[in-house]
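Visitor: Return atomic coordinates for the entry below.
(chains A and B)
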Amino acid sequence: MNTGEFFLLLIVVIASAAGQILLRKGAAVWITDAGFVRFLKSFFKGPAPWALLLVLGVPFIYWHVLKTVPLSRAYAVTALTGVFVQIGGRLFLGERPGGRILLGALLCCAGIAVWGF
Amino acid sequence: MLILEAADILNFVSYSPRRIRRIDTAAVLFVLLIIVVSQSLMKAGAEAPSRWVFGLNGFLAAAYFLFLLRGAVWALLLRRRPVSRVYPFLSLAYPLVLVSGMLFFGESMTPGKLIGTVLIATGSVLIADKGRRE
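Guide: Numbering: from 1, shown residues only, chains lettered A, B, ... in the order given. The predicted structure follows:
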């Protein structure tokens, strides 16, 4: 895998993580107990539409990477999504990851390193 | 069958707890299967010539449909089960995709890949710990 391919995979991972964080942030303003129309209005008020756009767009970049990168290698790198969600959760949602989560993030990074990138 | 079960998800109160557990287990396995199949289809589609708009072809369209289906089933599942209970099963996707790459795309299996996959799968399980505490 060359630098360009790794960079594209990193974009996939960061966009997926950003989508999840924006969706969580958007969910905070959803009105779910006043009918579908109110829900739809509240959905479009928050950042959720951007999240949807990111999540739905990511596969287009991912399969561009798969043209040249082996499947198992590309999929292994997507494990970083969980790590970036934790980082984003800390930075933008004020969440504090516990020891187990930090250990998990470390293991994911170690696993990708052992893969041989 | 599973789609019918998913459509009936709002009527769960009338189901026995054992039946609900069975449906949830089936849904988790279904999501796992979707991940492995859609990843394999994406790889097959990426290597096949583009035929439609946005560089799509039959494989990629099928993979994209499965990607959306997975999101829907996953969302339904997470309505009633904490992430920490269901996510560990999805970590199995890492070794399964590794095997799929080996079987269908002639990718190699090395000790480094095996150890790396085990580390990644274990790490993913630990990251899902958040749901346990919520």
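Visitor: Can you list the buried residues in the lengthiest helix in chain B?
Guide: Assignment by DSSP state H gives helix B:17-47 as the longest helix of chain B. Neighbour-count burial for helix B:17-47, counted by 16 or more other CB atoms under 10 Å in any protein chain shown, picks out B:23-24, B:27-28, B:30-32, B:34-46. Heads up, the C-betas are built off the backbone N, CA and C, glycines and all.
Visitor: from those, which are also near chain A?
Guide: Restricting the buried residues of helix B:17-47 to those within reach of chain A (CB under 8 Å from any CB of the partner chain) leaves B:39, B:40, B:42, B:43, B:45, B:46.
Visitor: Quick one: low-confidence residue ranges for chain A.
Guide: Counting by pLDDT under 70, chain A contains low-confidence residues at A:116-117.
Visitor: what's the helix or strand for the nearest residue to residue B:120 once chain neighbours are set aside?
Guide: Excluding its sequence neighbours, the residue lying closest to residue B:120 (CB to CB, 6 or more residues apart in numbering or on different chains) is residue A:111, at 3.6 Å. Per DSSP states H and E: residue A:111 is located in helix A:99-115.
Visitor: for that helix, packing partners?
Guide: helix A:71-77, helix A:80-92, helix B:111-127, helix B:129-133 (3 or more CB pairs under 8 Å, 6 or more residues apart in numbering or on different chains; DSSP states H and E).
Visitor: now for the third one, which elements pack on it?
Guide: For helix B:111-127, the helices and strands in contact under the criterion 3+ CB pairs under 8 Å, 6+ apart are helix A:71-77, helix A:80-92, helix A:99-115, helix B:83-90, helix B:93-105.
Visitor: Relative to residue A:50, which of those helices is closest?
Guide: Among these, the nearest to residue A:50 by CB to CB is helix A:80-92 (13.1 Å).
Visitor: Could I get the buried residue list for the very next helix or strand once past the longest helix of chain B?
Guide: Going down the chain from helix B:17-47, the next helix or strand is helix B:58-78, by DSSP H and E. Using 16+ other CB under 10 Å as the test for burial, helix B:58-78 gives B:59-60, B:62-64, B:66-67, B:69-70, B:73-74, B:76-77.
Visitor: got the CA coordinates for helix B:58-78 in CSV?
Guide: Output of helix B:58-78 as CSV, limited to C-alpha atoms (Å, rounded to 0.1, in the frame of the first residue of the first chain):
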residue,chain,number,x,y,z
GLY,B,58,-23.6,-4.8,-10.6
PHE,B,59,-21.2,-5.9,-7.8
LEU,B,60,-20.9,-2.4,-6.3
ALA,B,61,-24.6,-1.8,-6.6
ALA,B,62,-25.3,-5.0,-4.7
ALA,B,63,-22.6,-4.1,-2.1
TYR,B,64,-24.2,-0.7,-1.6
PHE,B,65,-27.6,-2.2,-1.2
LEU,B,66,-26.2,-4.6,1.5
PHE,B,67,-24.4,-1.6,3.1
LEU,B,68,-27.8,0.2,3.5
LEU,B,69,-29.6,-3.0,4.7
ARG,B,70,-26.9,-3.5,7.3
GLY,B,71,-27.4,0.0,8.6
ALA,B,72,-31.1,-0.6,8.9
VAL,B,73,-30.9,-4.0,10.6
TRP,B,74,-28.1,-2.7,12.9
ALA,B,75,-30.2,0.3,13.9
LEU,B,76,-33.2,-1.9,14.7
LEU,B,77,-31.0,-4.2,16.8
LEU,B,78,-29.4,-1.4,18.8
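Visitor: Cool, thanks, signing off.
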